[in-house]
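Visitor: Following is a predicted model, sequence given first.
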Amino acid sequence: MAKKPASIVECREDAFRKIFKFYKRRTPPPDFSDVVDFSKSTTSDKVVPVKMDPDAVSDCDAARVGLLPTRDWRAFNLQGYPGFIFISNPFLRGSQAFWVRQCLKTYPQKPNVCNLDMHMSPTDTQDIWAKSVRNLSRPVGKREPKTLLERLRWVTLGYHYNWNSKTYSANHYTPFPTELRLLSHQIAAACGFPGFSAEAGILNYYRSDSSLGIHVDESELDHSRPLLSFSFGQSAIFLLGGTQRQDPPTAMYMHSGDLMVMSGQSRLLYHAVPRIVPAPQEVACSWVSDQQGGAGVEQQVSSEDWAVCSKYIHSSRINVTVRQVLGPGQSFPETPLPDGQQTEGKRRRCGYSPEHT
Ligand SMILES: O=C(O)CCC(=O)C(=O)O
Ligand SMILES: [Mn+2]
């Protein structure tokens, strides 16, 4: 067969990056009309409604972690992406406040690990929330330099992801947060993965100008388990591609409260976040009352804490991914690779934690 001219090969190789750059572009702003929006009652033939297993999670267990009964979830498959499930905000009204508070106040605390630990002493990163709140209440204009909360980019939980070697290891583990484990367990069970065990978490904190580069999540040792992703705050354009960089991705909105489950053939697909976009008005308006009125998890959030959280999510986005690292009975390889070294297969993540333009 005749060899393709270099320009055509390059063009095919660039398919994901081209679309990534298209959505990242500031001037002129891109046309968003092709972006799938699962929050709208869409009739697109790409979007296929799917029913959750009604018996997998009791209404009481769901409510305990702030979820609607599974029969009321609006869940979808996407044509061409077997194993990909999108659940459009299955949270009870008001319960996102609890999860946002956990992501901003609780999970950045020790013994969890965050980006600030890379260049600050443990004492300086000891109580990110308290140190930031103190500064946030200063008069506007006298708030330089940025608070630690504003400088937070990522937090890792459970088996702490090593960004250099792109691996997890047995000797860098701290207990995975119980309530997030429970939430993940229930979502996975409803999607047909009753044995899911939340072992590692990566939280990404995005400002309005942040993006997340094209990558595949393949560092987990068992890929037969789903990867769960939760979003809070501002919306994102999420790109879901194929197994090759030259496969053009599908663009979709991820709004506050939305969940994604990447499993089966979709577990190892290229994906990226080229852009953060303002939350639709009805979503942002619902946060105003998020801390009031209910009888569930949001009641654990004080109005002082909610004032800080609500201010934060009005300009930022938080994404939480939860992963099972090991299969049943599996253990880490005896001799982990030295720090900074990686295998060929692990090299596909680039620009992994949020970047800012
Ligand atoms: O922010 C997102 O929606 C994606 C995050 C992600 O892909 C990751 O943490 O691996
Ligand atoms: Mn990812």
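Guide: Noted; the coordinates are in hand. Ligands and ions are numbered 1, 2, ... in the order given.
Visitor: Is residue 105 in a helix, a strand, or coil?
Guide: Secondary structure state of residue 105, per DSSP: H, G, I helix; E, B strand; the rest coil, is helix.
Visitor: got a list of what the residue lying closest to it once chain neighbours are set aside touches?
Guide: Leaving aside its chain neighbours, residue 105 sits nearest to residue 129 (4.5 Å; criterion: CB to CB, 6 or more residues apart in numbering). All C-beta spots, glycine's among them, are computed from the backbone N, C-alpha and C. Residues counted as contacts of residue 129 (CB atoms under 8 Å, 6 or more residues apart in numbering) are 104-105, 108-109, 149, 308.
Visitor: Just the element for residue 129, please.
Guide: helix 128-136 (DSSP states H and E).
Visitor: just to revisit the earlier point, between all of the contacts of residue 129, which two are separated the most?
Guide: 109 and 308 (14.9 Å; CB to CB).
Visitor: And those two? Which one has more around it.
Guide: More crowded of residue 109 and residue 308, by other CB atoms under 10 Å: residue 308, with 20 against 15.
Visitor: Roughly how far does residue 313 sit from ligand 1?
Guide: Distance of residue 313 to ligand 1, computed by CB to the nearest ligand atom, to the nearest Å: 14 Å.
Visitor: cool, residue 178 as well?
Guide: Counting by CB to the nearest ligand atom - residue 178 and ligand 1 are separated by 21 Å.
Visitor: Give me the number of neighbouring residues for that residue.
Guide: 9.
Visitor: again, but for the one 3 residues further on
Guide: The burial count assigned to residue 181 is 20, neighbours taken as other CB under 10 Å.
Visitor: Ok, residue 57 next?
Guide: Residue 57 has 22 nearby residues by other CB under 10 Å.
Visitor: tell me the contacts of the closest residue to ligand 1 within the stretch 251-357 of the chain?
Guide: As assessed by CB to the nearest ligand atom, ligand 1 sits closest to residue 319 within the stretch 251-357 of the chain, at 3.2 Å. Counting by CB under 8 Å, 6+ apart, residue 319 touches 203-204, 206, 229-232, 236, 254, 273.
Visitor: So which of those are in strands?
Guide: 203-204, 206, 229-232, 236, 254, 273 (DSSP state E).
Visitor: and ligand 1, which of these reach it?
Guide: 204, 229, 231, 236, 254, 273 (CB under 6 Å from any ligand atom).
Visitor: which one among those gets closest to residue 166?
Guide: Of those, the one sitting nearest to residue 166 (CB to CB) turns out to be residue 204, at 15.8 Å.
Visitor: Tell me the spatial nearest neighbour of the closest one, not counting adjacent residues.
Guide: residue 319 (4.7 Å).
Visitor: Report how many residues lie close to residue 355.
Guide: Neighbours of residue 355 (other CB under 10 Å): 13.
Visitor: if we can go back for a sec, name the SS class of the residue of the stretch 251-357 of the chain closest to ligand 1, please.
Guide: strand.
Visitor: Over to residue 238?
Guide: Classified using three-state DSSP, residue 238 is strand.
Visitor: ok, now which ones touch it?
Guide: Counted by CB under 8 Å, 6+ apart, residue 238 has contacts 251-254, 260, 271-273.
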